[in-house]
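Visitor: with the input below, show me the fold.
(4 chains)
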2 protein chains.
Amino acid sequence: MVKRVSLSQAACPVARALDVIGDWWSLLIIRDALEGVRRFGAFQAGLGIAKGMLATRLRDLVEDGILEIAPASDGSAYSEYVLTAKGRELHLVVAALRQWGEAALYAPGEDHSVLVDRTRGQKVARLALQAADGRTLQWNETRVRHVAAV
Amino acid sequence: MVKRVSLSQAACPVARALDVIGDWWSLLIIRDALEGVRRFGAFQAGLGIAKGMLATRLRDLVEDGILEIAPASDGSAYSEYVLTAKGRELHLVVAALRQWGEAALYAPGEDHSVLVDRTRGQKVARLALQAADGRTLQWNETRVRHVAAV
DNA sequence: TTTTCATGGTCTTATTTTAAGACCATCTCG
DNA sequence: CGAGATGGTCTTAAAATAAGACCATGAAAA
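Guide: Take a look at the predicted model:
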């Protein structure tokens, strides 16, 4: 029996991305980190995750260069987990998931949190795929160009 | 001991979305479905997934209204799995993952598949968050407005 | 300074999920 | 009809998860 399949060498960026952040908790941790959560205890309280799971997830995310450990910003001797530049770029993935969830998984009238423009408090516009020339592309107006097998 | 935690009733759309598609294989299945894969055997061959896993994943995705079973388009007695409207909307999530993977997980010069405009074959533009008035928003120019606890 | 509590983990255990393949029923086609 | 393709189910062993006991250190109160 082998370990869980690894996609870290896949030629498809989607597969490779899921290999890193495609598990249950990682994107939730990143979501919280994007909102400013930094301390172990804060992640644990916000997510309701078991401590052991959180510890391994944080370790993995640090190993993958998505989080980094920094001295606590409040001057105490504890440390904090902060997103790296690579990790911050995941905000679009989180936003896409959020918009899909809002549209597809809530009954009309059911309440949920909302991503807003920080300065004006207005809801962020829906994401859309655009061609190089700026045309908006629907799901069936794109295709994937695969690389030749090695 | 309880089952794996369920987030299906979360007030955060990100959590609820991950509850549905946040496992290892679902988004890869959806990625392939977006590229036109429809048959059980085609999914299995493309993903290298165990048959049992694929069967349960497909069943779950159908239950969640992301895929639906249709008669085979080639006239045979077999059936096919096709994306529903709800499932097709996930193309933005897949695109966001793809763009992040391309930027963050490949060494310079390393080859990967690319999402292109179907009519012109040009690479799709990078996604970006926009405010209601069209301004582009960086990761730190947004915040999440939470709902009041019930 | 001693004592107490908060913080940030590790380790153990029971349960669930996953990977792999054996097995089987139905369909297609020669 | 018979052989192989197709689309599954079932079994089994290994790995991941959930929950909490336990522990070391830092912070803070007495």
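Visitor: so, low pLDDT: which residues of chain A?
Guide: A:1-5, A:149-150 (pLDDT under 70).
Visitor: show me where it has helices.
Guide: Under the criterion DSSP state H, chain A contains helices at A:13-21, A:26-34, A:40-47, A:51-63, A:85-88, A:91-105.
Visitor: could you check the angle helix B:91-105 makes with the longest one?
Guide: To tie it back to what came earlier, the one meant is helix A:91-105. 160 degrees (axes from the mean of the first three to the mean of the last three CA atoms, to 10 degrees).
Visitor: quick one: closest of the helices of chain A to DNA strand D.
Guide: Nearest to DNA strand D, of all those, is helix A:51-63, at 3.8 Å by CB to the nearest atom of the strand. (Glycine included, C-beta is placed from N, CA and C.)
Visitor: quick one: is that closest one near DNA strand D?
Guide: Yes - on the criterion CB under 7 Å from any atom of the strand, helix A:51-63 is in touch with DNA strand D at A:51-53, A:56.
Visitor: what comes up buried for stretch A:105-125?
Guide: Neighbour-count burial for stretch A:105-125, counted by 16 or more other CB atoms under 10 Å in any protein chain shown, picks out A:105, A:112-117, A:124-125.
Visitor: output that stretch in CSV with nothing but the alpha carbons.
Guide: Coordinates of each C-alpha in stretch A:105-125 appear next as CSV, following Å, rounded to 0.1, in the frame of the first residue of the first chain:
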residue,chain,number,x,y,z
LEU,A,105,-25.1,27.0,-1.5
TYR,A,106,-27.4,29.5,0.3
ALA,A,107,-31.1,29.5,0.3
PRO,A,108,-32.6,32.9,-0.6
GLY,A,109,-32.6,35.0,2.5
GLU,A,110,-30.1,32.9,4.3
ASP,A,111,-27.4,35.0,5.9
HIS,A,112,-23.6,34.7,5.3
SER,A,113,-20.5,36.8,5.6
VAL,A,114,-19.6,39.0,2.6
LEU,A,115,-16.3,40.2,1.1
VAL,A,116,-16.3,44.0,0.9
ASP,A,117,-14.2,46.8,-0.4
ARG,A,118,-12.3,48.0,2.7
THR,A,119,-12.6,51.7,2.0
ARG,A,120,-16.2,51.9,1.0
GLY,A,121,-17.7,48.8,2.5
GLN,A,122,-19.3,47.8,-0.7
LYS,A,123,-19.5,44.2,-1.9
VAL,A,124,-16.7,43.2,-4.2
ALA,A,125,-17.7,42.6,-7.8
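Visitor: now for A:Met53, how many residues are close by?
Guide: Neighbours of A:Met53 under the rule other CB atoms under 10 Å in any protein chain shown: 15.
Visitor: perfect, I'm done here.
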